[in-house]
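Chemist: need a 3D model of the sequence below.
(one chain, ligands or ions: 3)
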Amino acid sequence: MQHMNNIVLIGFMGSGKSSVGKLLAEQTHRTYIDLDQKIEEDTGDTIPNIFKNEGEEGFRKRETEVLRALSSREGTVISTGGGIVERKENHDVLKEHGPVIYLHASFEEISARLEDDESRPLWSKPEVERKNLLEKRLPVYKECADELVNTDHKSINDVVNEIESLIKS
Ligand SMILES: Nc1ncnc2c1ncn2[C@@H]1O[C@H](COP(=O)(O)OP(=O)(O)OP(=O)(O)O)[C@@H](O)[C@H]1O
Ligand SMILES: O=C(O)C1=C[C@@H](O)[C@@H](O)[C@H](O)C1
Ligand SMILES: [Mg+2]
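Modeler: Ligands and ions are numbered 1, 2, ... in the order given. Below you'll find the predicted structure:
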């Protein structure tokens, strides 16, 4: 059964899942959970180091475990990592946690937001690989989502308000 008082945010790196999630949780009196943050807390290490030491596969395994472990949580906003849709087995788990909102952003907008970012191993790849990754994931985000919110040219506050309207309707 879907937990309707959770809200799950998915989307590419830099789409705003963490920034929007934090504010949305505050404004709607929910508990904020960030899967990337949870993985870093559990391992006591940074995401770039986890990628270095365990490879992307090791990180994905941890990500799935952390996602599954949330199954009893209620009244939360769950901000996922950008690659949560990479494993098909996560798709049903996402939907079980609550309504899934896909935060969309264009490659240009993401590039502006993540200029000089070094905390995301997959964003450090050459531009063509980053573009291909976004193109590859786009249909998968859409497939996994109940709602899509385009965040281009919108402030974090605008996006939060749009999600609030969607969950009320
Ligand atoms: N709507 C927005 N307008 C302007 N800047 C934004 C917006 N959303 C996010 N940002 C900025 O983009 C950067 C990345 O945002 P954030 O960390 O929330 O992305 P994310 O989706 O959680 O990424 P990841 O998948 O890597 O966790 C931050 O500096 C944030 O302030
Ligand atoms: O898009 C991705 O694959 C990632 C996004 C981040 O949130 C982190 O989960 C990590 O850097 C991988
Ligand atoms: Mg984040």
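
Chemist: which single residue of this structure approaches ligand 3 most closely?
Modeler: For the chain and ligand 3, the shortest gap (CB to the ion) falls at S18, measuring 3.2 Å. For glycine as for every other residue, the C-beta is placed from the backbone atoms N, C-alpha and C.

Chemist: average pLDDT across the longest helix seen in the chain?
Modeler: Using DSSP state H to define each element, the chain has its longest helix at helix 47-68. Averaging the model's pLDDT scores along helix 47-68 yields 98.

Chemist: how much space between the residue of the chain closest to ligand 3 and H29?
Modeler: Per CB to CB, to the nearest Å, S18 is found 19 Å from H29.

Chemist: what about these two, which has more around it?
Modeler: Counted by other CB atoms under 10 Å, S18 and H29 do not tie: S18 has more neighbours, with 18 against 7.

Chemist: what's the helix or strand for the more buried one?
Modeler: For S18, the enclosing helix or strand under DSSP states H and E is helix 17-28.

Chemist: then Y32?
Modeler: Assigned by DSSP H and E, Y32 falls within strand 31-34.

Chemist: now do Y141
Modeler: Per DSSP H and E: Y141 is located in helix 127-144.

Chemist: what pLDDT, on average, does that helix get?
Modeler: 98.

Chemist: right, is it up against ligand 1?
Modeler: No - residues of helix 127-144 are not located near ligand 1 by CB under 6 Å from any ligand atom, the shortest gap being 10.9 Å.

Chemist: who are the packing partners of that helix?
Modeler: Packing partners of helix 127-144 (3 or more CB pairs under 8 Å, 6 or more residues apart in numbering; DSSP states H and E): helix 88-97, strand 100-104, helix 107-113.

Chemist: of all these, which one is nearest ligand 1?
Modeler: Closest approach to ligand 1 among these (CB to the nearest ligand atom): helix 107-113, 3.5 Å.

Chemist: how distant is that closest one from the center of its chain?
Modeler: Mean C-alpha position of helix 107-113 versus that of the full chain (CA atoms, centre = their mean, to the nearest Å) differs by 16 Å.

Chemist: mind listing what the residue nearest the centre of the chain touches?
Modeler: Among the residues of the chain, the one closest to the centroid is T80, at 3.1 Å (CA atoms, centre = their mean). The contact partners of T80, taken as CB atoms under 8 Å, 6 or more residues apart in numbering, are V8, L9, I10, K17, L35, L67, L94.

Chemist: confidence score at it?
Modeler: Note on T80: pLDDT of 98.
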